[in-house]
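J.: Just need the structure, nothing else, for what follows:
(2 chains, ligands or ions: 2)
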Amino acid sequence: MLRKADLQNDTLLEMQRRMIRIRLFDERASKMVKRGYIPGTVHTSIGQEAQVVGACMALRKGDHITGNHRSHGHPIGMGSPLGPLMAELVGKATGVCRGKGGSLHLADYAHGSLGESGITGSSIPIAVGAGLSAQTLGEDRVAMCFFGDGAANQGVLYESMNLASAWKLPVIFLCENNHYALSTPAHTVTGGRIVDRAAGFGMPGVRVENGQNVLDVHEAVSEAAARGRRGDGPTLVEVMTYRYREHSEGLRINVDYRDTNEREIWLARDPIQAHRAWLIAEGVASEAELDALADAIAQEVEDCVTFTMESPDPEPKAAFEDLYTDPYDLEAVL
Amino acid sequence: MSVMTYIGAIGAAQQEAMIADERVIIIGEDVEANVYGTTGGGKQRAEKGDFVEQFGNRRIRNTPISEEAIVGAAIGAAMTGLRPIVDLSYSSFLYMAMDQLVNQAAKNRYMFGGQSSVPVVFRSAMFYGLNTGAHHSDRPYPMFMNVPGLKIIAPASASDAKGLLRQAIDSDDPVMSFEAVPLWGLKEEIEDKEYRIPFGKARIRREGSDVTVVGISGSLPLALKAAEAMAEEHGISCEVIDPRTLVPLDTATIVESVRKTGRLVLAEPAHRACGATAEIAATVAEEAQDALRAPIRRLTAPNMQIPFSPALEAQLYPTTEKIAAAIRQVVGLEEAVKERISA
Ligand SMILES: Cc1ncc(C[n+]2csc(CCOP(=O)(O)OP(=O)(O)O)c2C)c(N)n1
Ligand SMILES: [Mg+2]
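T.: Ligands and ions are numbered 1, 2, ... in the order given. Okay, the predicted model is just below:
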């Protein structure tokens, strides 16, 4: 059941705000892919907003995250402004990565986002490194890596969990278990439960059964973060959730790999609707206030699209910048 | 000045950097016990200069055998405030961490539009010619020359090993250091004060006017010996160049030398296909074809795996004799000898 943790009202509302931001941003991005404004494709976090926001908001300023291809929610969850994110998806000069990364490689260092990754599993040890620097430099911060149930079967995760555990690094391994890796149901390729793998590395494993409840996710990750800050080492948090959309926008898979009833069941547990109902029931906000909040975010998304469309394309020479920290001899690469 | 070995110079550079900057840490398998000889004064904790005694276990990080996680964690640590040196021991083990090296270290700064910098050094040693068999004798630096975003050093002397490594540790970009185990014992006089050697500046080891000879890594000392023999035996004057860094690569110095000599012989221990010498040869062909008085000659390992038996392995790499023969050939001496015999 939903509980009111020891959270301030503005935090509870901020959760709702960020979840709606992800939903509306991703819905808009999806449309922009279909209309050809966004080149290539995007992977939306629609349906997984509670899992993303509950986790990100359990962190503090100065903490770090790394992510994967399902990439927009993570920086939005960390509070990254939408304009430069959308501009990045379209490939504009004002993009958060100057148009060099695109959807798969969003990063916003000003908000603790060290970078999403188009290679599944690849950013996991990067977060371990952020934990290593925190410990070595004696800085009070934690690092969290997001990865899917699919990536949970990659060896790099286990090298990383072992290393983080052996060195007691402040790291949170956050598995977004949305039950599928592209078209592959997790249970068909996964031996045992992912969360149980934590025990093998001598670290706590926590499974958030209702990953559609932002407070449940927040609580689990807050505990993991506190543990990291205390110097007690890493935690594996597996969050059970669901993506409403296809693996990526525009992708057509003819084989029916998902049960149709299943989607209805998950839709009935929608994280944004659930949190809204709870906020009202607890007297945190009125219906009218929550409507106004949603409207404001709709406007934010409108504005981020306007910002994007009014932004210039990058100059061709930008393709030859940012490879190294020192100026690079263009002649040498052309 | 004091005399140092190639491997001693690497250890000394690490020690200096550790003292100079608290953010420098060493991560690797068996670094605590100084198994590979670059993280301590000797092989015992009690010996003077032991790194753990000096810097503690927070900065000397003995790791599990987890190359992918070690390399990835070093990259993440570099992106968030440390300046790690990763000791991967054998170059052959780099493949275990290929994803992290290629997809993270090399690409992050670029993909993220310059938001990150990745000041990390990946050290590995090429144990070739030592009968270690195919799993331990790789010389894989050319593969990484094909990965924009990495810098690559390949020192061929003690003084260069020390100065280049200091520069690498100072660099805000990822640097791969390929160290030649056959050169570990090579001695050279080294300045006592701290120094750094800038990247992208070849070292002319011997000046000459007839043939330009480029030696890479372990092939450089062989090139020097061949040049000496050619001067003594035939009065041929060779200019011997060590590029020292492969990315960036100082082709300007080589092209300039070829414009003077008109002849080019290249030697390296890596496989032939797409090797560093192939890149240099192509550049010279593009930029100084008109100056060439003879075809370019390359001495490399063939595109063949490395066999174990001492009776088989040695023949695969460039030797002083092979380099000398190539020098004779480009100056036309081989033809002259053949003509004399047939006459
Ligand atoms: C190393 C690697 N292998 C395969 C892919 C192709 N791929 C992209 S996403 C994906 C599924 C990932 O599933 P999961 O980790 O569960 O994340 P989800 O998409 O469900 O969020 C696959 C196979 C990839 N990008 N990288
Ligand atoms: Mg999944």
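
J.: Leaving aside the residues adjacent along the chain, what's closest to residue 117?
T.: Using chain A. Nearest residue to residue A:117, sequence neighbours excluded (CB to CB, 6 or more residues apart in numbering or on different chains): residue A:123, at 3.9 Å. Any C-beta I mention is one placed from the backbone N, CA and C, and that applies to glycine too.

J.: Correction: the question concerned chain B.
T.: In space, and not counting its chain neighbours, residue B:117 is closest to residue B:172: 4.5 Å by CB to CB, 6+ apart.

J.: Helix or strand for that neighbour, just tell me which one.
T.: Here residue B:172 is covered by no helix or strand, with elements defined by DSSP states H and E.

J.: Name the next helix or strand downstream of the helix or strand harbouring residue B:311, please.
T.: Residue B:311 belongs to helix B:310-313 when assigned by DSSP H and E. Counting by DSSP H and E, the next helix or strand C-terminal to helix B:310-313 is helix B:320-330.

J.: Next up, the contacts around the residue nearest to residue B:117.
T.: Applying CB atoms under 8 Å, 6 or more residues apart in numbering or on different chains, we find residue B:172 in contact with A:325, A:326, B:117, B:118, B:119.

J.: And those residues, which two are furthest apart?
T.: Farthest pair in these (CB to CB) is A:326 and B:118. Separation: 13.2 Å.

J.: and for those two, which residues touch both?
T.: Joint contacts of residue A:326 and residue B:118 (CB under 8 Å, 6+ apart) are B:172, B:173.

J.: Give me the more crowded residue out of these two.
T.: Taking neighbours as other CB atoms under 10 Å in any protein chain shown, residue A:326 and residue B:118 compare with residue B:118 leading, 26 against 13.

J.: Which phi and psi values does that one adopt?
T.: phi -130, psi 70 (degrees, to the nearest 10).

J.: so what's residue 333 scoring on pLDDT?
T.: Here I'm looking at chain A. Here the pLDDT value assigned to residue A:333 is 50.

J.: try again with chain B
T.: Reading off the confidence values, residue B:333 has pLDDT 88.

J.: Let me know the average pLDDT across the helix or strand harbouring residue B:228.
T.: Taking DSSP H and E as the criterion, residue B:228 maps to helix B:219-234. Average pLDDT, helix B:219-234: 98.

J.: Excluding covalently adjacent residues, which one is nearest to residue A:91?
T.: Closest to residue A:91 by CB to CB, 6+ apart is residue A:99, at 4.6 Å.

J.: OK, contacts around that neighbour?
T.: Contact analysis of residue A:99 by CB under 8 Å, 6+ apart lists A:87, A:88, A:91, A:92, A:93, A:313, A:314, A:318, B:113.

J.: Tell me where chain B has strands.
T.: For chain B, the strands defined by DSSP state E cover B:2-5, B:24-28, B:60-62, B:83-90, B:121-126, B:151-153, B:175-180, B:187-190, B:203-206, B:211-215, B:238-242, B:245-247, B:264-271, B:297-301.

J.: will you turn the ones you listed into a markdown table that also has distance to residue A:59?
T.: Shown next, in a markdown table, are these (distance: least, CB to CB, whole Å):
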| stretch | distance to residue A:59 |
| --- | --- |
| strand B:2-5 | 48 |
| strand B:24-28 | 25 |
| strand B:60-62 | 25 |
| strand B:83-90 | 24 |
| strand B:121-126 | 30 |
| strand B:151-153 | 33 |
| strand B:175-180 | 32 |
| strand B:187-190 | 48 |
| strand B:203-206 | 49 |
| strand B:211-215 | 52 |
| strand B:238-242 | 49 |
| strand B:245-247 | 37 |
| strand B:264-271 | 45 |
| strand B:297-301 | 50 |
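
J.: how much space is there between residue A:245 and residue A:17?
T.: 22 Å (CB to CB, to the nearest Å).

J.: Over to residue A:52?
T.: 13 Å.

J.: And these two? Which one has more around it.
T.: Taking other CB under 10 Å, residue A:52 and residue A:17 do not tie; residue A:52 has more neighbours (32 against 18).

J.: Return the per-residue confidence for that one.
T.: On the pLDDT scale, residue A:52 is placed at 98.

J.: My guess is it contacts residue A:73. True?
T.: Yes: with contacts counted by CB atoms under 8 Å, residue A:52 reaches residue A:73, the gap being 3.8 Å.

J.: Overlap of the contact sets of the two?
T.: Shared contacts of residue A:52 and residue A:73 (CB under 8 Å, 6+ apart): A:22, A:45.

J.: contacting residues for the residue in the stretch 151-300 of chain B that ligand 1 sits nearest to?
T.: Using CB to the nearest ligand atom, the closest approach of the stretch 151-300 of chain B to ligand 1 is made by residue B:174 at 20.6 Å. Contacts for residue B:174 (CB under 8 Å, 6+ apart) come out as B:75, B:78, B:101, B:105-106, B:118-122, B:149-151.

J.: got those residues as JSON lines, with pLDDT and distance to residue B:89 columns?
T.: Rendered in JSON lines, the data for the contacts of residue B:174 read as follows (pLDDT from 0 to 100; distance: CB to CB, whole Å):
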{"residue": "B:75", "pLDDT": "99", "distance to residue B:89": "18"}
{"residue": "B:78", "pLDDT": "98", "distance to residue B:89": "20"}
{"residue": "B:101", "pLDDT": "98", "distance to residue B:89": "15"}
{"residue": "B:105", "pLDDT": "98", "distance to residue B:89": "18"}
{"residue": "B:106", "pLDDT": "98", "distance to residue B:89": "21"}
{"residue": "B:118", "pLDDT": "98", "distance to residue B:89": "21"}
{"residue": "B:119", "pLDDT": "98", "distance to residue B:89": "21"}
{"residue": "B:120", "pLDDT": "98", "distance to residue B:89": "16"}
{"residue": "B:121", "pLDDT": "99", "distance to residue B:89": "14"}
{"residue": "B:122", "pLDDT": "98", "distance to residue B:89": "11"}
{"residue": "B:149", "pLDDT": "97", "distance to residue B:89": "23"}
{"residue": "B:150", "pLDDT": "97", "distance to residue B:89": "19"}
{"residue": "B:151", "pLDDT": "97", "distance to residue B:89": "20"}
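
J.: Looking at those, state which has the most neighbours.
T.: For the contacts of residue B:174, neighbours were counted using other CB under 10 Å, and residue B:75 has the most, 31 neighbours in all.

J.: Burial check on residue 220, number of neighbours?
T.: Going with chain A. Close neighbours of residue A:220, defined as other CB under 10 Å, add up to 23.

J.: Chain B was what I was after
T.: When neighbours are defined as other CB under 10 Å, residue B:220 has 29 of them.

J.: contacting residues around it?
T.: Applying CB under 8 Å, 6+ apart to residue B:220 gives the contacts B:156, B:157, B:205, B:240, B:242, B:267.

J.: For the second one, give me its contacts.
T.: What that stands for is residue B:157. B:6, B:183, B:186, B:188, B:220, B:221, B:242.

J.: before we move on, the earlier item: the residue of the stretch 151-300 of chain B closest to ligand 1 and residue B:83: what is the separation?
T.: Taking CB to CB, one finds residue B:174 at 11 Å from residue B:83.

J.: How about residue A:321?
T.: Going from residue A:321 to residue B:83 by CB to CB gives 23 Å.

J.: Between these two, tell me which one has more neighbours.
T.: Taking neighbours as other CB under 10 Å, residue A:321 and residue B:83 compare with residue B:83 leading, 21 against 17.

J.: beta partners for the more buried one?
T.: Going by DSSP bridges, residue B:83 is paired in beta bridges with residue B:24.

J.: Wait, it touches residue B:20, no?
T.: No: counting by CB under 8 Å, residue B:83 sits too far from residue B:20 to count as a contact (10.3 Å).

J.: give me the low-pLDDT residue ranges for chain A?
T.: Applying pLDDT under 70 to chain A picks out residues A:1-5, A:328-334.

J.: Sounds good, over and out.
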